[in-house]
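In: Build me a model from this:
(one chain, ligands or ions: 1)
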Amino acid sequence: MVLSNFDSLCDRYTNMRVTFKFNLSIHFYEFKQYDIMNTILDMKHTKVTYEMPNCYADFDGKFPFEGIELLKSLELTTVNVPLRFGGKGLGGNTGNRQVLEVLKEVGSYDLSLGRIYEGHINALLLIERFGDGNQKERYFEEAVNGKIFGVWNSEMPTEPLTFNDLNGVFELSGAKVFCSGASNIDRPIVTAEGEKGTRMVIIDMDELRLNEDYTYWRPMGMKSSVSCRFDFSGVNFDQKQILGGPYDYVNEPDFTSGAARFAAVQLGGAEAAIRATIYHLEKTNRTKAPEQLARLAKLATLQETGRLWLKHTGDELNKRYDAPSHSMFRANLFRTVVREICENILSICEMSVGLQGMMQPHPLERIHRDLSVYLKQPGPDRTLIACAESFLKYDR
Ligand SMILES: Cc1cc2nc3c(=O)[nH]c(=O)nc-3n(C[C@H](O)[C@H](O)[C@H](O)COP(=O)(O)OP(=O)(O)OC[C@H]3O[C@@H](n4cnc5c(N)ncnc54)[C@H](O)[C@@H]3O)c2cc1C
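Out: Coordinates of the predicted model:
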């Protein structure tokens, strides 16, 4: 294909972003009119799902401001703020399927945006679970007013984040890496080691001027997640900013079952790869070849498998406090099977499109890089072992 055709492909994809906005708006319009428990993405998002490959080559490496504004305008940033604080009340012991569906849709729009959004959802869940009355009051109100939250736990063993008690005022020392969203996150929760163990601290990032250090963030994909390093040494905080007790960050079943959220975002990226592939095959008149049809059939089964797993896992998560081991098992299975599905989808899409899908500005090029990076999540081997152990214990 000549370059001018690439340009027109890209124009078409840009138009599709508009289509996506429009369709998701309709969604939310409908969502607002229905009972909240019937909710958003149960009403199938056919147009969003089939028409919207993401093409953000021009935004690569920049924070997705436009995407965040879109999420705010659709009130997706409050899906898991409790109803009594003005949110949609999903994601505790109800509505987890819907939360996963939303995460998948945002991931299919832009995986970097999906990563940042997942951190926001995670932080709000931690506040709901471990926050005291004043913290809930303050932070949920801020979320409703558009503040963006995140969770920054990763660190280098050589510079762990710790804090000292200076008579009621606390001081941080050390750094965090892979801080998705960078300075654009208003309220990150950071984990820091104190005398009594690891605590969560909610940082007022908008009051700080910290250097965004990109020394450790030169990835091949997910560049727009701007996951930089921050040195927090010398930053002060007070008691009111400490969330929960020692080691609550790794409290189960939420810690393990939370993996279902990043898996949902990954599935969205894989669905975007399929849409980019189908669009390419249609545009190049290559849908009739039996080998292409066979690959499309395989893509259809993989996509459907992912969707069924997502629904089932979402429903299981509603019961996670009643049956914690089972939910953790389910989330571990889900993240494992989603990784395999995504890897298969990427390799089939790659084969179907060929060289053009490996070159900018073809949308598959970016989706491929982003998804390959985002599939790298902590401890996949450990997760497999946990799956096997749970299988032996609970599921025979
Ligand atoms: C785009 C992106 C954004 C991110 N944003 C954030 C963020 O906002 N906040 C945050 O806190 N973190 C963030 N992270 C970091 C993330 O949470 C994980 O820390 C990271 O993805 C771990 O990936 P890894 O491949 O290094 O995992 P690892 O766990 O190191 O896995 C690598 C391989 O080593 C194996 N392995 C693991 N442990 C051992 C062991 N002890 N012995 C032998 N083998 C082992 C694994 O099974 C796997 O095969 C982000 C990551 C990405 C990709």
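In: right, and the helix or strand after the helix or strand hosting Thr313?
Out: Element membership of Thr313, judged by DSSP states H and E, is helix 290-317. Counting by DSSP H and E, the element after helix 290-317 in chain order, helix or strand, is helix 324-353.
In: okay, the angle between the helix holding Thr313 and helix 324-353?
Out: Between helix 290-317 and helix 324-353, the angle comes out at 160 degrees (axes from the mean of the first three to the mean of the last three Cα atoms, to 10 degrees).
In: And helix 290-317, what's buried?
Out: 292, 295-296, 299, 302-303, 305-306, 309-310, 313-314, 316-317 (16 or more other Cβ atoms under 10 Å). Heads up, the C-betas are built off the backbone N, CA and C, glycines and all.
In: Now do it: distance to the chain's middle.
Out: Its chain's C-alpha centre and that of helix 290-317 lie 19 Å apart, by Cα atoms, centre = their mean, to the nearest Å.
In: same question, stretch 231-246
Out: Centre-to-centre, stretch 231-246 and its host chain are 25 Å apart (Cα atoms, centre = their mean).
In: Number the residues from 260 up from this point.
Out: Sure thing, new numbering starts at 260, so read that last one as stretch 490-505.
In: Show me what that stretch is in contact with.
Out: For stretch 490-505, the surrounding residues in contact (Cβ atoms under 8 Å, 6 or more residues apart in numbering) are 385-386, 388-390, 393-394, 418, 420, 422, 427-435, 448-449, 451, 453, 455-463, 467, 469-470, 472, 510.
In: Any idea how far apart the tips of it sit?
Out: One end of stretch 490-505 sits 22 Å from the other (Cα to Cα, to the nearest Å).
In: In helices only, show me the contacts of stretch 490-505.
Out: If you go by DSSP state H, the contacts of stretch 490-505 have 385-386, 388-389, 393-394 in helices.
In: can I get the residues you listed in CSV with distance to the ligand and neighbour count?
Out: Listed next are those as CSV, based on distance: Cβ to the nearest ligand atom, whole Å; neighbours: other Cβ atoms under 10 Å:
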residue, distance to the ligand, neighbour count
Leu385, 13, 23
Ile386, 16, 26
Arg388, 18, 14
Phe389, 17, 19
Asn393, 26, 9
Gln394, 21, 17
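In: counting contacts, what elements does the helix holding Thr572 pack onto?
Out: In this structure, helix 549-576 packs against helix 355-368, helix 518-542, helix 583-612, with contacts taken as 3 or more Cβ pairs under 8 Å, 6 or more residues apart in numbering; DSSP states H and E.
In: For Tyr580, list the residues it contacts.
Out: Tyr580 neighbours (Cβ under 8 Å, 6+ apart): 352, 512.
In: Next: Leu623.
Out: Contacts here follow Cβ under 8 Å, 6+ apart; on that basis Leu623 touches 312, 532, 535-536, 539, 608-609, 612, 615-617.
In: Point out where the stretch 510-655 of the chain drops to low pLDDT.
Out: Applying pLDDT under 70 to the stretch 510-655 of the chain flags residues 654-655.
In: Write out the residues of it neighbouring the ligand.
Out: Applying Cβ under 6 Å from any ligand atom, we find that the stretch 510-655 of the chain lies next to the ligand at 632-633, 635-641.
In: Which of those residues fall within helices?
Out: 632-633, 639-641.
In: List buried residues within the residues you listed.
Out: Neighbour-count burial (16+ other Cβ under 10 Å) applied to these gives 632-633.
In: nearest to Tyr376, of the ones in helices among the residues of the stretch 510-655 of the chain next to the ligand?
Out: For these, the minimum distance to Tyr376 (Cβ to Cβ) is 12.6 Å, reached by Tyr633.
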